[in-house]
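K.L.:
just need the structure, nothing else, for what follows:
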Amino acid sequence: EAEAERRERRAHNRRQKRRKKVRNDEELEEALRNLLTSHPLWEPSRSIGDANDANDANDANDEEVSSSSVSPAREWWDDARWRGGWGVLYSRWRDPERAKALGFVDWDACAPSVDPAGSNRKGGTARGLRKRLQVESFRAVLVAAKVAAKAAGGARADADADANATTDKKTHPPNSKASVVVDFGCGTGNLLLPLAAAEPSMRFVGVDVNRRSVELLAERAARAGLTNVDAVCGLAETYGGACDVALALHVCGAGTDAVLLQAQARGAAFVVAPCCVGKLKDGGLKSISAMKKEAMLRSGVTGAEKADAIAPVRVIHPRSSWMRGRIQRPAYLGLAAAADWSGHQGVDPAAESIAARALGRVPRAAKAAVELDRGAAAAEAGYGVRVMKLHEGAGLKNDLIVGFPNGADPLRAFVEGPDAAFPL
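P.N.:
As a prediction, this is how the structure comes out:
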């Protein structure tokens, strides 16, 4: 009898947990709906009610969007629910094939140490190909911006370099007046090195808190004969060098926010693809915190000086006035935790099943809210901002935030979507 009571109590507790999760999910979805419709650039292509009431079968069948001016649906996330909801606030390439051409990298011509597929030691061929697509996604943005600057006679345009430059990329010395591109959280250089090889007239700086990663980056650059690459071991928060363009690919937690603030402090453009937003919490990952502490000690910053060193890029969440006016920090952290979904649920949303896609629905919306909050903060600071997606097949963590100072919008001719500047 006692054992039966214990089994019933455990069953009751499981039922209570399930009910609580349902209530929490319903509250989260309601909060997300309110955030969506309060966004300064929200202009529904159809009513939000229709978007949220669309059933999972329609999601699984990837309901067609009637407007011929909108690019066709391609990936698992790009369904009717997305296009009638958070996708309204995202920009997308008008011509995906042209975007691929803009970001093209001749991998066969790259030195082996430059190719992220060749240097990939885990994840196999599929991961290497995703890394290549991530590089091409970043390059497409950079080249499109350069093309637009040249067409407009921009002072920063390099008249002697374009996507098809024929200069000897291995021996071209860096120009002392070249634009400086800083890859924060560069790791061993999977993003930075292919870009540096493709743009020899620009100077590239890799910054990472992991000393060994920085050493490997320098070794890979040397093997490839690249002379326009510098490697720095340090924190994004305390970087004090030059920066005209800030890059960040899958920098964890608030590290992405530090990169955005570094760019804004310098009036630099930025291209970032965030990840691990569930780690937007005080302290962050223990491993990262330990490396940050070590970097502080190496730089001679200790005690009271530590607070002074990182003060210029201190991160506060939510980032934007738009979101701060609607949810407080505890609710925001819950939103971020829901957004950090990839892997921990054990479900592949790209799987061809209604259940898998349903489980990916809320995290997808929560991730969009977090990234749009980051974009909104930059837009409120006067930047022209577009939130986009990486190229098809570039992975689950595929949100891309692009910003240019002084409200500039060089991607306007290449993409469709909402305005890059907020109405004030």
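K.L.:
use CA for all of it now, contacts and neighbours both
P.N.:
Will do.
K.L.:
how about the residue in the chain sticking out farthest from the centre, what does it touch?
P.N.:
What lies farthest from the middle of the chain is residue 1; by Cα atoms, centre = their mean that is 55.8 Å. Residues near residue 1 by Cα atoms under 8 Å, 6 or more residues apart in numbering: none.
K.L.:
tell me the spacing between it and residue 8.
P.N.:
To residue 8, residue 1 is 11 Å away according to Cα to Cα, to the nearest Å.
K.L.:
what do you get for residue 75?
P.N.:
As judged by Cα to Cα, residue 75 and residue 8 stand 44 Å apart.
K.L.:
can you check residue 383 too?
P.N.:
Computed as Cα to Cα, the residue 383 to residue 8 distance reads 58 Å.
K.L.:
check residue 374 too.
P.N.:
With the distance defined as Cα to Cα, residue 374 ends up 46 Å from residue 8.
K.L.:
identify the residues contacting residue 332.
P.N.:
Residues near residue 332 by Cα under 8 Å, 6+ apart: 317, 318.
K.L.:
helix, strand or coil for it?
P.N.:
Of the three states, residue 332 takes helix according to DSSP: H, G, I helix; E, B strand; the rest coil.
K.L.:
repeat for residue 127
P.N.:
State at residue 127, reduced to three classes by three-state DSSP: helix.
K.L.:
without its sequence neighbours, what residue ends up closest to the spatially most central residue of the chain?
P.N.:
For the chain, the residue nearest the mean C-alpha position is residue 273 (1.6 Å; Cα atoms, centre = their mean). Excluding its sequence neighbours, the residue lying closest to residue 273 (Cα to Cα, 6 or more residues apart in numbering) is residue 400, at 4.5 Å.
K.L.:
show me what contacts that neighbour?
P.N.:
For residue 400, the contacting residues are 271, 272, 273, 274, 387, 388, 389, 390, by Cα under 8 Å, 6+ apart.
K.L.:
also residue 274?
P.N.:
248, 249, 250, 251, 252, 253, 256, 371, 397, 399, 400.
K.L.:
let's see it at 6 Å
P.N.:
By Cα atoms under 6 Å, 6 or more residues apart in numbering, the contact set of residue 274 is 250, 251.
K.L.:
does it sit in a helix, a strand or a coil?
P.N.:
Applying three-state DSSP: residue 274 is strand.
K.L.:
how close does residue 227 get to residue 420?
P.N.:
Residue 227 sits 35 Å away from residue 420, going by Cα to Cα.
K.L.:
if you count what's nearby, which of the two comes out ahead?
P.N.:
residue 420 (25 against 19; other Cα atoms under 10 Å).
K.L.:
that one touches residue 385, doesn't it?
P.N.:
Yes: judged on Cα atoms under 6 Å, residue 420 makes contact with residue 385 at a distance of 4.8 Å.
K.L.:
secondary structure element holding residue 362?
P.N.:
Using DSSP states H and E, residue 362 falls within helix 354-380.
K.L.:
and after that helix, which helix or strand comes next?
P.N.:
Helices and strands here follow DSSP H and E; after helix 354-380, the next one along the chain is strand 384-389.
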